[in-house]
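Asker: got a predicted structure here, sequence first:
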Amino acid sequence: MENKHIGSNIERLRHIKGLKQQVLANQLGISQAAFSKIEKSEKISPTTLNRISESLNIDQIIIENFDEKMIFRSLESHLATSNDADLCRMTTQEMYEQIINLERQKNIYLMNIINSKNIAI
């Protein structure tokens, strides 16, 4: 199983949302340098992850399990059924928002499987 690098996931999601490090650092009450260090960290504390999750308005589980390659495969599959004219009108931000929504759907699906099997997490 591939190791998750939470800091890299935070960085990528921050870029997708079009936010600068300084903006999130200000929301968290830390320096830009401290936020940069978080993005370089493979693991971060649950408290910090929770605060970043709230600032990004993205569920923690999405941050922890963010896999851009998987999302693009899902998006390609989803978009294959879409109208080409609709795709041409989508902005980059709209496409990334679609990616995040697909990731949320995947996590809901996985949580339903976990709950149906009574697996403790």
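Answerer: Yes, it's here.

Asker: who does the helix or strand hosting residue 106 touch, helix- and strand-wise?
Answerer: Using DSSP states H and E, residue 106 maps to helix 92-116. Helix 92-116 sits against helix 6-16, helix 60-65, helix 68-80, with contacts defined as 3 or more C-beta pairs under 8 Å, 6 or more residues apart in numbering; DSSP states H and E. To be clear about C-beta, it is placed using only N, CA and C from the backbone, and glycine gets the same treatment.

Asker: tell me the pLDDT of the residue found closest to residue 34 once you drop the neighbours it is linked to in the chain.
Answerer: Excluding the flanking residues, the one nearest residue 34 by C-beta to C-beta, 6 or more residues apart in numbering is residue 25, at 6.7 Å. Listed pLDDT for residue 25 reads 97.

Asker: hang on, isn't residue 25 packed against residue 37?
Answerer: No. Residue 25 lies out of contact with residue 37 (C-beta atoms under 8 Å); the separation is 10.4 Å.
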